[in-house]
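Chemist: this one's structure only:
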DNA sequence: TTTCAAAAATGGTCTGACCACTAATCGAAT
DNA sequence: ATTCGATTAGTGGTCAGACCATTTTTGAAA
């Protein structure tokens, strides 16, 4: 109705829901209107409402609890990994782009942190290294350190998709090395080392 | 039925569809069974089938054509990136963060182009400067030049949001200056100049 | 053989019903 | 008045069937 009438109802519903969330300033954990309410307010059948909700549920943006309702949820890209990977693995074309963007974002993060003279690396130093995915854990910390939440979310998003395509684990030793370079303020070496972790992907 | 009976039907359907694709070795462009066929074969209602299909359609894994059918499709993460961003940005829409990310992405683009010795800046030189938004036009061209479509998409999205928050127009002269620096391969000056365009935003 | 209208197949959408689960309500026993 | 329990209302989960819009196939007429 609003834009192209060619757009499917469930896509319109998605936009309306997004708009609703913005207007009401809903946050993680808040409850959305019930499917029946949405159906009435958005002038669409409950089936269409559900198609939209199921879609963003699969993306991990909402959480539905039987008998309770539908709730906003902190975005967790790991949600539908198994499913996605089997679909996606046969197409490697975009894998390189994903990896490259992830790499570039991380380089940006490192560069910005290094450029800050007053940056206290000691907090990062105390990072626990007992996680399964050290790389993600470390850069999650570094992005938080930098403080730009949008940049962090974008990186997190891309990382989620990368894991879908490229489920590799990095060795712990490598990141202890990276962390050592950072703590010694050998920034150029740190950047190069970080880059080297990505270079062997080209096979 | 198969695993946890707690799992929703549409998720079971997703697994079955994935399995079907593997068994039949379907490739991009191949057609899936019709919704009614799937409904019969998988012993689920057409509504549940559709919920599953809509979900993976939003993920960009399939494409539906009215009257024709449902087809496998080359996976492109950009689809969901677009939708996700609008959700992800809901809490983050601080003007400063938006501007900073936009700036950083552009710096990345410039850096990567400059690092490429064989880059031919002459094509960019021929850019028409009759658009209303010179900045967007120029960097759209530069990002395309670099070739990473995902990076371009992310930048484009961020730029779109920035414009809704900060509807400024840049003067034409400034970008002729920037372009001049690029064409003269004075890359460091170009980066600094680009940065200076953002610095006066801190009011 | 070619052409084109009818029929079949397919996705898009809606309605209404029923079940399962949860939380709120209300009344009875304490 | 308080507590506890069953009832009830609200919500998501699922299904069956209908109708429309678009595309493809079919088959008869030229």
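Modeler: That came through fine. Because the structure is a prediction, the values reported are computed rather than measured.
Chemist: the domain parsing of chain A - what is it?
Modeler: Using automatic domain parsing, the domains assigned to chain A come out as A:9-72, A:82-199.
Chemist: between those domains, which gets nearest to residue B:61?
Modeler: Residue B:61 sits nearest to domain A:82-199 of all these, at 4.8 Å, using Cβ to Cβ. From N, CA and C alone the C-beta is placed, and that goes for glycine too.
Chemist: from the chain's centre, how far out does the closest one sit?
Modeler: On the basis of Cα atoms, centre = their mean, to the nearest Å, domain A:82-199 is displaced by 12 Å from the centre of the chain it belongs to.
Chemist: by mean pLDDT, show me the worst of the domains of chain A.
Modeler: Among the domains of chain A, domain A:82-199 has the lowest mean pLDDT, at a mean of 80.
Chemist: phi, psi of residue A:64?
Modeler: phi -110, psi 130 (degrees, to the nearest 10).
Chemist: enumerate every residue touching it.
Modeler: A:53, A:57, A:70-71 (Cβ atoms under 8 Å, 6 or more residues apart in numbering or on different chains).
Chemist: buried ones among the residues you listed?
Modeler: Of the members of the contacts of residue A:64, the ones counted as buried by neighbours, 16 or more other Cβ atoms under 10 Å in any protein chain shown, are A:53, A:57, A:70.
Chemist: for those, which one is nearest residue A:100?
Modeler: Comparing the buried ones among the contacts of residue A:64 against residue A:100 with Cβ to Cβ places residue A:57 closest, at 29.9 Å.
Chemist: how about the domains of chain A in CSV, adding distance to DNA strand C?
Modeler: Formatted as CSV, the domains of chain A follow (distance: least, Cβ to the nearest atom of the strand, whole Å):
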stretch, distance to DNA strand C
domain A:9-72, 3
domain A:82-199, 17
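Chemist: tell me which of the buried ones among the contacts of residue A:64 fall in strands.
Modeler: residue A:70 (DSSP state E).
Chemist: any idea which of the buried ones among the contacts of residue A:64 is closest to chain B?
Modeler: Top of the list for closeness to chain B, among those and by Cβ to the nearest Cβ, is residue A:57 at 7.5 Å.
Chemist: packing partners of the longest helix seen in chain A?
Modeler: Ordering each helix of chain A by length in residues (DSSP state H) puts helix A:93-115 first. Packing partners of helix A:93-115 (3 or more Cβ pairs under 8 Å, 6 or more residues apart in numbering or on different chains; DSSP states H and E): helix A:134-146, helix A:149-165, helix A:187-199, helix B:95-115, helix B:149-165.
Chemist: tell me the most buried of those helices?
Modeler: helix A:149-165 (a mean of 22; mean count of other Cβ atoms under 10 Å in any protein chain shown).
Chemist: who are the packing partners of it?
Modeler: The contact analysis (3+ Cβ pairs under 8 Å, 6+ apart) places helix A:149-165 against helix A:81-88, helix A:93-115, helix A:134-146, helix B:78-88, helix B:95-115, helix B:149-165.
Chemist: immediately after it, which helix or strand?
Modeler: Proceeding N to C from helix A:149-165, the next assigned helix or strand is helix A:172-183, under DSSP states H and E.
Chemist: mind putting the helices and strands packed on helix A:149-165 into CSV with distance to residue B:142?
Modeler: Converted to CSV, the helices and strands packed on helix A:149-165 look like this (distance: least, Cβ to Cβ, whole Å):
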stretch, distance to residue B:142
helix A:81-88, 29
helix A:93-115, 14
helix A:134-146, 24
helix B:78-88, 18
helix B:95-115, 5
helix B:149-165, 9
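Chemist: quick check: the residue nearest the centre of chain A vs residue A:143, distance?
Modeler: In chain A, the centroid-proximal residue (Cα atoms, centre = their mean) is residue A:157; its distance is 2.2 Å. Separation of residue A:157 from residue A:143 (Cβ to Cβ, to the nearest Å): 12 Å.
Chemist: just to revisit the earlier point, I'd say the residue nearest to the centre of chain A and residue B:81 touch.
Modeler: Yes. Assessed by Cβ atoms under 8 Å, residue A:157 is found in contact with residue B:81 at 6.9 Å.
Chemist: neighbours of residue A:122, just the number please.
Modeler: For residue A:122, the neighbour count with other Cβ atoms under 10 Å in any protein chain shown is 8.
Chemist: if you could redo that for residue A:116, that was the one I meant.
Modeler: Residue A:116: 11 neighbours (other Cβ under 10 Å).
Chemist: how far away is it from residue A:56?
Modeler: On the measure of Cβ to Cβ, residue A:116 and residue A:56 end up 37 Å apart.
Chemist: circling back to that earlier point, adding distance to residue B:85, write the contacts of residue A:64 out as CSV.
Modeler: Formatted as CSV, the contacts of residue A:64 follow (distance: Cβ to Cβ, whole Å):
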residue, distance to residue B:85
A:53, 19
A:57, 18
A:70, 21
A:71, 21
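Chemist: wait, which of the residues you listed is closest to DNA strand D?
Modeler: residue A:70 (4.2 Å; Cβ to the nearest atom of the strand).
Chemist: contacting residues around the closest residue to the closest one other than its chain neighbours?
Modeler: In this structure, residue A:70 finds its nearest non-sequential neighbour in residue A:32, 4.4 Å apart by Cβ to Cβ, 6 or more residues apart in numbering or on different chains. Residues near residue A:32 by Cβ under 8 Å, 6+ apart: A:17, A:20-21, A:26, A:38, A:62, A:69-72.
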